[in-house]
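prediction below, plus the sequence it came from.
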Amino acid sequence: MALLDDLLARMRATPGLSEVQIIENEAVDDETFIFKVRAAMIPNILQIRFLADKNLERYSFQLYRDRPLLRWDNTPHYPDLPNFPHHFHDQDERVSFSPLTGSLLADFDFVVAEVKKFMNQ
């Protein structure tokens, strides 16, 4: 699957990410699939999950250690936020606007930059 291969290549080429692994990878066809990948961002883990089912695409990017620290996703449960259904959960579980678009590779670069800023605080 091209998207997963491209994401794995991007993850492996990203400084600060190590131990990239596929946790889940199931495909029915080119339009219906799910995958979950993880990488170490010491001392944390970055996990990316993507589900595509014909016209539906769901993603989540999550940084966690023993609990979730940061998470971006597009589950449609905050309709009043700008850029719905995209939203962000911070380490205190507050939900706010997210600039993500659902374009996994483009969003990956933004998420990694935000995670690095968070980890350098």
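Sure, I can see it.

what pairs with residue 60 across the strands?
residue 49, residue 73 (DSSP bridges).

show me where pLDDT drops low in this structure?
For the chain, the stretches with pLDDT under 70 are 1.

any buried residues in the longest helix along it, and which?
Looking only at the chain and at elements set by DSSP state H, the helix with the highest residue count is helix 104-119. Of all the residues in helix 104-119, those buried under the rule 16 or more other CB atoms under 10 Å are 104, 107, 108, 110, 111, 112, 114, 115. Quick note: C-beta positions are derived from backbone N, CA and C, even for glycine.

which residues does the second one contact?
Looking back up the chat, that one is residue 107. 59, 61, 72, 100, 101 (CB atoms under 8 Å, 6 or more residues apart in numbering).

go with 6 Å
Contacts for residue 107 (CB atoms under 6 Å, 6 or more residues apart in numbering) come out as residue 100.

for the first one, same thing?
By CB under 6 Å, 6+ apart, the contact set of residue 104 is residue 50.

what distance do you get for it to residue 91?
Here residue 104 is placed at a distance of 23 Å from residue 91 (CB to CB, to the nearest Å).

report the separation between the residue nearest in space to the middle of the chain and residue 54.
By CA atoms, centre = their mean, the chain has its centre lying nearest to residue 61, at 2.1 Å. The gap separating residue 61 from residue 54 is 23 Å, by CB to CB.
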